[in-house]
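Student: below are the sequence and a predicted model for it; my questions follow.
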Amino acid sequence: MTAYLKLDHIDKSFTRGAQVSEVLKDIRLTIDKGEFVSIIGHSGCGKSTLLNLIAGLTKVSAGAVLLEDKEVDSPGPERAVVFQNHSLLPWLTVYENINLAVAKVFGRTKSKAERHDWIMRNLDLVQMAHAKDKRPAEISGGMKQRVGIARALAMEPKILLLDEPFGALDALTRAHLQDAVMDIHSRLGSTTIMITHDVDEAVLLSDRIVMMTNGPAATIGEVLAVPLARPRRRVELSSDRTFLRCREAVLKFLYERHRFVEAAE
Amino acid sequence: MSIQTIEDTTVKAFPAKPAAVIAFTARARRRFDPLAIAGKLASALVPPIIVIALMLVVWQIACSSPTSSLPPPTQVWNEAYDLIAHPFFDNGPQDIGLAWRVLISLQRVAIGFGLAAIVGVALGALVGQSIWAMRGLDPVFQILRTVPPLAWLPLSLAAFRDSSPSAIFVIFITSIWPIIINTAVGVRNIPEDYRNVSRILRLNQFEFFVKIMVPAAAPYIFTGLRIGIGLSWLAIVAAEMLTGGVGIGFFIWDAWNSSRLPDIIVALAYIGVTGFCLDRLVAAVGAFVTRGTTAK
């Protein structure tokens, strides 16, 4: 069986005038269908750039992103992104925001009633059906991010890309949303790639954790499998041996072998 | 016996009171409190009324000497009473009420400004979207926008050979620049995230324009429209002075030629009030359309 998503020897450099800065070098990674993979690294290591490459929002300098053996080099709804700052359109209600995506993706294949049901189903999935007529400014940060997730899921993506989705949230809201994402992942089995800089979050949610070295010319330093059975419960895991061992491995990688160098910014 | 009756009356009196209170709160919740509205109106209206009254007094004193070259308010009131009291009279061509003249001028503004809004938003979107359109067009816009409105008039008279389309063209060319420039700034300021959302959804150019660009840039667009309507109103009065016809601008010129100074003063008041209303109208439409867009 070939890989579902394959990152094949990807390089990425940005050119500004005569100056070429190499951000990513020789990224090789394969991800199976239904897998939950986290990408972790210090800030400035290019993990968001990597996500943008998979999303197609940025073009690779060399190498290729292959989804089901087909090269992807432009953005599309089959690789839906949940942005760090939610990116909901403030002039539309929660319902309309999701409808924008659903009308575009399923405008031809689903009837109006089916589209409505589909929007409501996705809002139910993130427990936001009660706020469907509110505008983004009227709901909390955590709720906005839930709607962002619902919008991405409503595109019925092959791969769900989460770009530090909980970075701007407080710890309690964060935990709630992590549970929500775990629940959705177990229900839908969606292939998910998440960027994060939170070690606990990475270990709790992921099947595998991809650890990035520091830039410039960052690459994948190590890939750690998290052999924890699902469903996972955070309270039980906090004293679980495997959990602690994984956590320690990631911490060691980040803080002993690849300390954040301020000059790398 | 007497105690009994007193008790009866008090018992009767008591339920009547709370009932009245409940009815009052229910009404207050449904409608606005009339007292509060009156208070707000008073605080908004009384200061300007006092200022206007003071200005009239000063004007009256300054212009009351027999050698004064300008008429005092009392003379304006007496000589131009017809214009003030009957804005809608119609005694055949060239002898119509000021409200009719304002409406004719407004009609020209509506056409010229409407065209400027459509073309201006489209051009502004182009300049905001495309770096090459900006490099090519922006210097041209920056030069043309400094040309005073009336300087366009001879050229447009030569081109259209008629006064009405010439006046409309002057309005168009005057009001289009702030609309273009503000729309371009608004489009350039659309957050990258909104563009990414549209790219992931694969919105085409038209969908992006209607669903993302216009709503996202709406606060800027309305700033441009508001400046534009103000300039249009400035331009139409000046243009009509030169082109003639039945607009409010020509009325002033005509009054000057027949030395009817009080009429001019009344016309100025009409122009000022109309301009104020236009500005508030665009601002109100803007506030309604852009509700929610600026909130984060």
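Tutor: Perfect, thanks for sending it.
Student: where is the longest helix in chain A?
Tutor: helix A:171-188 (DSSP state H).
Student: packing partners of that one?
Tutor: Applying 3 or more C-beta pairs under 8 Å, 6 or more residues apart in numbering or on different chains; DSSP states H and E, one finds that helix A:171-188 contacts helix A:141-154, helix A:199-205, helix A:234-237. All C-beta spots, glycine's among them, are computed from the backbone N, C-alpha and C.
Student: could you point out which element follows it?
Tutor: On the C-terminal side of helix A:171-188, the closest following helix or strand by DSSP states H and E is strand A:191-196.
Student: could I have that following strand exported to CSV, CA atoms only?
Tutor: The C-alpha coordinates for strand A:191-196 follow below in CSV (Å, rounded to 0.1, in the frame of the first residue of the first chain):
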residue,chain,number,x,y,z
THR,A,191,-6.4,12.3,8.5
THR,A,192,-5.1,15.2,10.5
ILE,A,193,-1.9,17.2,10.6
MET,A,194,-1.5,19.6,13.5
ILE,A,195,1.1,22.3,14.0
THR,A,196,1.8,22.9,17.7
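Student: return the most buried member of the helices and strands packed on helix A:171-188.
Tutor: When these are scored by mean count of other C-beta atoms under 10 Å in any protein chain shown, the highest mean neighbour count falls to helix A:141-154 (a mean of 24).
Student: and it, how far out from the chain's middle?
Tutor: 12 Å (C-alpha atoms, centre = their mean, to the nearest Å).
Student: next secondary structure after it?
Tutor: According to DSSP H and E, the helix or strand after helix A:141-154 is strand A:159-163.
Student: give me phi/psi at the closest residue to B:W177 other than its chain neighbours?
Tutor: Nearest non-adjacent residue to B:W177, counting by C-beta to C-beta, 6 or more residues apart in numbering or on different chains: B:R145, 3.6 Å away. Per-residue torsions, B:R145: phi -70, psi -20 (degrees, to the nearest 10).
Student: partner residues bridging the residue most central in space within chain A?
Tutor: Geometric centre of chain A, nearest residue: A:L162, 1.9 Å, by C-alpha atoms, centre = their mean. Beta bridges link A:L162 to A:V82, A:M194, judged by DSSP bridges.
Student: roughly how far does it sit from B:E240?
Tutor: Separation of A:L162 from B:E240 (C-beta to C-beta, to the nearest Å) stands at 62 Å.
Student: circling back to that earlier point, from what I see, the residue nearest to B:W177 and B:I179 are in contact.
Tutor: No. Between B:R145 and B:I179 there is no contact under C-beta atoms under 8 Å: 10.6 Å.
Student: those two: which has the busier surroundings?
Tutor: A side-by-side neighbour count of B:R145 and B:I179, using other C-beta atoms under 10 Å in any protein chain shown, places B:I179 first with 30 against 14.
Student: can you give me the helices in chain B?
Tutor: Under the criterion DSSP H, helices of chain B are mapped to B:2-30, B:34-63, B:73-79, B:81-85, B:98-129, B:131-144, B:153-160, B:163-188, B:192-200, B:205-208, B:214-243, B:248-257, B:261-289.
Student: got a list of what the closest residue to chain B within the stretch 151-265 of chain A touches?
Tutor: Using C-beta to the nearest C-beta, the single residue of the stretch 151-265 of chain A nearest to chain B is A:M155, 7.7 Å away. Residues in contact with A:M155 (C-beta atoms under 8 Å, 6 or more residues apart in numbering or on different chains) are A:P77, A:E78, A:A80, A:A101, A:V102, A:V105, B:I200, B:L201.
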